[in-house]
Structures are given as C-alpha cells and as structure tokens.
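Peer 1: can you look at this prediction? I've put the sequence above it.
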Amino acid sequence: MTHPMMVLPDAMKALLALSKSAQPGAVPETTHKLIHLRVSQINGCSLCVDMHARELKDAGEKDERIWGVGAWRESPYFNDAERAALALAECVTRLADRTDGVPDAVWDDAADHYDEKELSSLLVSIGAINVWNRLNAAVRQPAGSAW
C-alpha cells in the first residue's frame with residue numbers, strides 16, 4: 001500500500017513535528033541518531049537502519065561506532081552517557097519483554113547523565129522513531145525505496 005504518511009498528510013506533519021520537538025539541543029544530535037539506529041535495528045526497519053547509519057556517517061562518525069551500535073554493551077566506542085541513552089532506548093522499545101518495562105537501574109543510570117529536559121528529549125525521540133519503524137515495517141518499506 002501507499003505509505004500511511006503519504007495518505008494522511010496531517011499525520012506526516014504531526015510526526016515530523018514530534019520528531020523535531022525532541023531535538024531542541026538538549027541532547028547531542030549524535031546521541032539521537034545512535035538511538036534511532038539502535039531502535040531501528042531492534043524493530044527490523046531496514047529503511048531507518050540504512051538512513052540513520054548514513055546520517056551518522058555523513059555527520060563524521062567513525063565506521064566503528066556505526067557498526068558497533070548493535071553491540072554497544074561490548075563495544076569500547078561509546079561513552080557512559082551514550083550507553084545510558086542506548087539502554088533506555090532498548091528498554092522503551094521492548095516494553096513487552098519485561099514485567100518492569102524500564103528497570104530502575106536503567107532509569108537511574110540515564111538520570112545520572114541527563115536532566116529532566118534531556119530525558120524528555122530522549123523519550124520523545126525514542127517514541128517517535130518507534131512510530132516511524134512500525135509504520136515502515138507494516139507497509140514493508142525497504143531500504144532504498146521511494147515513498
């Protein structure tokens with residue numbers, strides 16, 4: 001089918017506005033892109049995996065960091081704040097996989113690195129990329145395809 005964002009232009013405007021609202025500069029843009037890539041990997045959204053990996057590359061990120069996102073826990077290429085954001089992103093994306101969706105330890109670690117405004121930015125960013133992933137996956141929007 002035609003992508004829902006093309007069928008419902010007001011939904012496109014709303015989701016673009018939501019995505020943009022999460023990035024007023026409170027959290028580094030690179031951190032947002034890292035969590036977008038990781039969430040897209042989890043959700044199997046090839047369009048977003050491709051797009052966010054390319055965005056990171058275009059922003060000057062080293063290949064090791066881009067390739068290492070899927071194994072960020074074992075990778076030496078991420079700082080503690082990025083690790084906290086990636087852990088939060090994974091938990092929020094996989095809410096149904098646990099009885100305590102976001103464990104206190106994950107939340108506390110994120111709160112040690114980010115203030116309330118920054119946590120809000122991360123949460124809205126995580127929520128928005130999950131919506132994009134789900135829409136793309138539902139209509140099987142593959143990497144490299146045109147809307």
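Peer 2: Right, received. Where do you want to start?

Peer 1: chain center to the host helix or strand of C48: distance?
Peer 2: Secondary structure from DSSP states H and E places C48 in helix 46-58. Averaging C-alpha positions (Cα atoms, centre = their mean, to the nearest Å) puts helix 46-58 11 Å from its chain's average.

Peer 1: could you do stretch 39-54 as well?
Peer 2: With Cα atoms, centre = their mean, you get 9 Å for stretch 39-54.

Peer 1: got the buried residues for it?
Peer 2: Of the residues in stretch 39-54, those buried by neighbour count under the rule 16 or more other Cβ atoms under 10 Å are 39-43, 45-53. In this view, the C-beta of every residue, glycine as well, is placed from N, C-alpha and C.

Peer 1: and stretch 89-106, end to end?
Peer 2: Using Cα to Cα, to the nearest Å, the gap from the first to the last residue of stretch 89-106 comes to 10 Å.

Peer 1: run through who's touching it.
Peer 2: Stretch 89-106 has contacts (Cβ atoms under 8 Å, 6 or more residues apart in numbering) with 35, 38-39, 42-43, 84, 87-88, 122-123, 126-127, 130.

Peer 1: now the following helix or strand past the helix holding C48: how far from the chain's centre is it?
Peer 2: Note on helix 46-58: by DSSP H and E, the next helix or strand toward the C-terminus is helix 63-68. Centre-to-centre, helix 63-68 and its host chain are 16 Å apart (Cα atoms, centre = their mean).

Peer 1: what element comes up after helix 63-68 heading to the C-terminus?
Peer 2: Remark: after helix 63-68, the chain's next helix or strand is helix 80-93, criterion DSSP H and E.
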